[in-house]
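> Here is the input, now give the coordinates:
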Amino acid sequence: MAEVSLVEIEKTFRGKTTVIPNLNLQIEDGSFTVLVGPSGCGKSTLLRMIAGLETVTRGAIRIDGHDVTTAEPSDRDIAMVFQSYALYPHMTVARNIDFGMRLAKIPAQERQAKVDEAARLLNLEDLLQRKPSELSGGQRQRVAIGRAIVRNPGVFLFDEPLSNLDAALRNRMRVELAELHQRLKATMVYVTHDQIEAMTLADRIVVINAGKIEQVGPPMELYQRPETLFVAGFIGSPKMNLITGAVAEAYGATTLGVRPEHMEVDRDSGEWHGRIRVVEKLGSDAFAYVDSEQVGALTVRLPGDVDVKSGDTLYLTPHHERLHPFDREGMRLPDTVLVKARAIA
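Predicted coordinates:
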């Protein structure tokens with residue numbers, strides 16, 4: 001295990017396009033840290049710089065206290081798992097897993113012990129003699145992870161490893177990765193654009209926007225108290241409702257956020273009202289998409305068995321203690337703003 005320190009990191013391509021302007025980040029030893037953000041925000045570039053696959057324009061990268069800014073990838077005590085599995089099609093699972101060890105001339109007995117341990121951890125014991133073509137996508141990804149495990153690195157780096165899998169398999173692999181982290185207690189840095197992956201896997205999320213860190217913290221801290229308008233709109237599914245205009249101003253804010261589950265719903269009275277455009281039934285939950293004259297379009301979370309339909313009118317009252325006020329620069333305002341607004345009202 002090892003901690004990773006990024007100090008005043010800057011990345012510029014061709015001396016013109018700056019994708020990461022000045023970034024500082026401390027990744028704790030043994031943490032599962034997820035870098036999340038929209039496509040093109042710089043998260044994969046940042047991961048590749050940690051791995052040594054991209055050069056650093058300015059700043060320093062330290063792994064376990066050692067400056068590795070200019071070190072070769074093989075000298076950084078890291079192992080990387082990519083979106084593509086990069087398995088050798090003519091080799092068995094066992095040979096794919098121990099390929100790097102054979103290149104390093106590790107004795108056969110030691111190699112076999114490490115392959116067996118990795119196979120046990122990843123439920124690959126019955127598949128060791130199969131070729132990649134005989135495996136499912138999830139099994140291939142586990143082989144790629146096994147190849148990383150046997151290196152016993154200080155840091156595991158994952159670059160959107162689940163994006164090629166179908167939805168059901170992604171869900172299962174998320175659970176397996178979380179369990180793997182609990183067993184290995186290793187430092188893991190994981191890149192994704194999927195905020196659901198970030199919320200379910202991470203013990204610490206780093207939200208990146210245009211090469212800059214918007215917020216760092218535990219998943220529920222970001223969900224319950226987003227510090228910027230970007231984080232408020234990015235973290236959570238479905239997204240937070242963001243309200244502007246007179247209603248937001250009445251609460252002392254330029255933009256007012258409220259999550260779909262943080263509104264009381266009534267048929268007869270409430271602070272806001274509107275007509276339902278569409279209802280999505282998802283089993284345990286339902287989501288009503290409401291058009292309100294006072295606040296605009298809203299998404300409302302309801303019980304899955306609720307008896308509502310398109311065209312119905314709903315009255316909504318927000319949970320005032322769960323509102324999120326933001327200023328014109330998109331920064332969170334103190335909660336005292338809401339308290340004062342309620343007192344005046």
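
> List the contacts of stretch 159-169.
Contact with stretch 159-169 is made by 44, 47-48, 80-84, 136-138, 141, 144-145, 170, 173-174, 190-194, 197, as judged by CB atoms under 8 Å, 6 or more residues apart in numbering. Any C-beta I mention is one placed from the backbone N, CA and C, and that applies to glycine too.

> now the helices: where do they sit in the stretch 101-250 of the chain?
Ranges of helices in the stretch 101-250 of the chain, per DSSP state H, counting those that start in this stretch, are 108-121, 137-149, 167-184, 195-201, 219-224, 229-234, 246-250.

> Now tabulate those helices in CSV and tack on mean pLDDT and distance to Leu256.
Shown next, in CSV, are these (pLDDT from 0 to 100; distance: least, CB to CB, whole Å):
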stretch, mean pLDDT, distance to Leu256
helix 108-121, 91, 47
helix 137-149, 88, 42
helix 167-184, 86, 32
helix 195-201, 91, 21
helix 219-224, 96, 16
helix 229-234, 96, 10
helix 246-250, 92, 4
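
> Show me the one of these that comes nearest Val19.
Ranking the helices of the stretch 101-250 of the chain by proximity to Val19 (CB to CB) places helix 229-234 first, at 16.9 Å.

> picking that back up, okay if I get the helices of the stretch 101-250 of the chain as JSON lines plus distance to Trp272 and mean neighbour count?
As requested, the helices of the stretch 101-250 of the chain are exported to JSON lines (distance: least, CB to CB, whole Å; neighbours: other CB atoms under 10 Å):
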{"stretch": "helix 108-121", "distance to Trp272": "52", "mean neighbour count": "16"}
{"stretch": "helix 137-149", "distance to Trp272": "45", "mean neighbour count": "22"}
{"stretch": "helix 167-184", "distance to Trp272": "34", "mean neighbour count": "15"}
{"stretch": "helix 195-201", "distance to Trp272": "27", "mean neighbour count": "21"}
{"stretch": "helix 219-224", "distance to Trp272": "22", "mean neighbour count": "17"}
{"stretch": "helix 229-234", "distance to Trp272": "19", "mean neighbour count": "22"}
{"stretch": "helix 246-250", "distance to Trp272": "8", "mean neighbour count": "14"}
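
> So for Asn209, what's the nearest residue that isn't a sequence neighbour?
Nearest residue to Asn209 in three dimensions, chain neighbours excluded: Phe230, at 5.1 Å (CB to CB, 6 or more residues apart in numbering).

> Now do the same contact list for that neighbour.
By CB under 8 Å, 6+ apart, the contact list for Phe230 reads 207, 209, 214, 330.

> and what of Val300?
With CB under 8 Å, 6+ apart, Val300 has these contacts: 260, 263, 265, 287-290, 314, 316.

> Neighbouring strands of the helix or strand where Asn22 lies in the sheet, and parallel or not?
Assigned by DSSP states H and E, Asn22 belongs to strand 17-27. Applying DSSP bridges to the sheet, strand 17-27 is found paired with strand 4-13 (antiparallel).

> For the strand it pairs with, give the mean pLDDT please.
Averaging pLDDT along strand 4-13 gives 96.

> got it, and stretch 55-70?
96.

> Then stretch 45-52?
For stretch 45-52, the mean confidence score works out to 96.

> got the contact list for it?
Here stretch 45-52 has contacts from 4, 6, 9, 11, 19-20, 23, 35, 54-56, 61, 63, 68, 71-73, 75-76, 78, 80, 155, 157, 159, 189, 191, 208, using CB under 8 Å, 6+ apart.

> rerun that using 7 Å as the cut-off
For stretch 45-52, the external contacting residues (CB atoms under 7 Å, 6 or more residues apart in numbering) are 4, 9, 11, 19-20, 35, 54, 56, 61, 71-73, 76, 78, 80, 157, 159, 189, 191.

> and if you look at stretch 221-228?
If you take CB under 7 Å, 6+ apart as the criterion, stretch 221-228 is touched by 205, 207, 214-215, 231-232, 235-236, 324, 330-332.

> thinking again about what came up before, how far away is the residue nearest to Asn209 from Cys41?
10 Å (CB to CB, to the nearest Å).

> Overlap in contacts, these two.
With CB under 7 Å, 6+ apart, Phe230 and Cys41 have common neighbours Asn209.

> show me what contacts the nearest residue to Arg259 once chain neighbours are set aside?
Once flanking residues are discounted, Arg259 sits nearest to Met240: 5.2 Å by CB to CB, 6+ apart. Shown in contact with Met240 (CB under 7 Å, 6+ apart): 232-233, 257-259.

> And Thr12, by the same measure?
18, 57.

> how much space is there between it and Thr18?
Taking CB to CB, one finds Thr12 at 5 Å from Thr18.

> Asp203: neighbouring residues, count only.
15 (other CB atoms under 10 Å).
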